[in-house]
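**Student:** Sequence first, then the predicted structure, then my questions.
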Amino acid sequence: MSTGTGRRTSLAIATVIPARRNYLRVSTYSEHDLPLESLWVIGNDTVVDFAWLSSRAFWLWTHVVRHNISSATTHTAYMMFPAPPLGRKNRNRLEIAADSVLRSRGFLMAGGSLLDLYDTMPEQLQWAHDELDAVAEDLLDIPAHSDEADVMRCVLSRYHSTGS
């Protein structure tokens, strides 16, 4: 992603898969910042990567991976996530949904931290995440309004069917 100042940013997520949270906290880092040791930084950041990492499907996938690989990190889960190849139309759908989350976060943070924002998630941000989840799950062929167990089953089935 590129900031308004023309500086490139990268995505950063916690290296350790958190046991208790509803969303993976995905942050951005400037190319000039030195990230914390506890963060994994994705240098080739795109809005699509942000979308997948911020989706409920990926969050649930991290738990499947952690359950099956005790030493798994978010990087392990990311590398194993069975995201489908995207054509222009579907890529655009996912980018628009991710942009809605990013804009909501930017508007709502107002000097606070990302952790604070997600601990007391405002309705506007929840709506943006729900929309992102709907798009991501549609692209993963997960039926609409699936519960968490169904989402996990679908993503795991997709992982096995793609030969990953």
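**Tutor:** That came through fine.
**Student:** Going by C-alpha atoms from here, please, whenever you check contacts or count neighbours.
**Tutor:** Noted.
**Student:** Ser113 and Asp119, how far apart?
**Tutor:** 10 Å (CA to CA, to the nearest Å).
**Student:** Strands of this protein, residue ranges please.
**Tutor:** Secondary structure of the chain (DSSP state E): strands located at 9-14, 27-30, 39-42.
**Student:** Give the rounded mean pLDDT of the second one.
**Tutor:** Per-residue pLDDT over strand 27-30 has a mean of 60.
**Student:** before we move on, back to that, compare the strands of the chain and say which comes out lowest on pLDDT.
**Tutor:** Among the strands of the chain, strand 39-42 scores lowest, with a mean of 55.
**Student:** Quick check: which ranges of the protein have low pLDDT?
**Tutor:** 1-45, 163-164 (pLDDT under 70).
**Student:** 50 instead?
**Tutor:** 1-7 (pLDDT under 50).
**Student:** mind listing the helices for it?
**Tutor:** 47-54, 56-68, 74-80, 88-109, 114-119, 123-139, 148-161 (DSSP state H).
**Student:** Reformat these as TSV; add mean neighbour count.
**Tutor:** Formatted as TSV, these follow (neighbours: other CA atoms under 10 Å):
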stretch	mean neighbour count
helix 47-54	21
helix 56-68	20
helix 74-80	17
helix 88-109	17
helix 114-119	14
helix 123-139	19
helix 148-161	16
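**Student:** what sits up against stretch 144-157?
**Tutor:** Outside stretch 144-157, the residues within contact range by CA atoms under 8 Å, 6 or more residues apart in numbering are Ala57, Leu60, Trp61, Val64, Pro82, Ala134, Glu137, Asp138, Leu140, Asp141, Ile142.
**Student:** List just the nearest of those to Ser161.
**Tutor:** Lowest distance from Ser161 to these (CA to CA) belongs to Pro82, with 9.3 Å.
**Student:** Isn't the closest one up against Leu139?
**Tutor:** No: between Pro82 and Leu139 there is no contact under CA atoms under 8 Å: 10.9 Å.
**Student:** State the distance from Thr74 to Leu115.
**Tutor:** For Thr74, the distance to Leu115 - CA to CA - is 18 Å.
**Student:** Trp52 now?
**Tutor:** 19 Å.
**Student:** now His75
**Tutor:** 20 Å.
**Student:** same question, Arg91
**Tutor:** Taking CA to CA, one finds Arg91 at 28 Å from Leu115.
**Student:** and what of Asn68?
**Tutor:** Distance from Asn68 to Leu115, by CA to CA: 27 Å.
**Student:** and what of Gln126?
**Tutor:** Counting by CA to CA, the gap from Gln126 to Leu115 is 14 Å.
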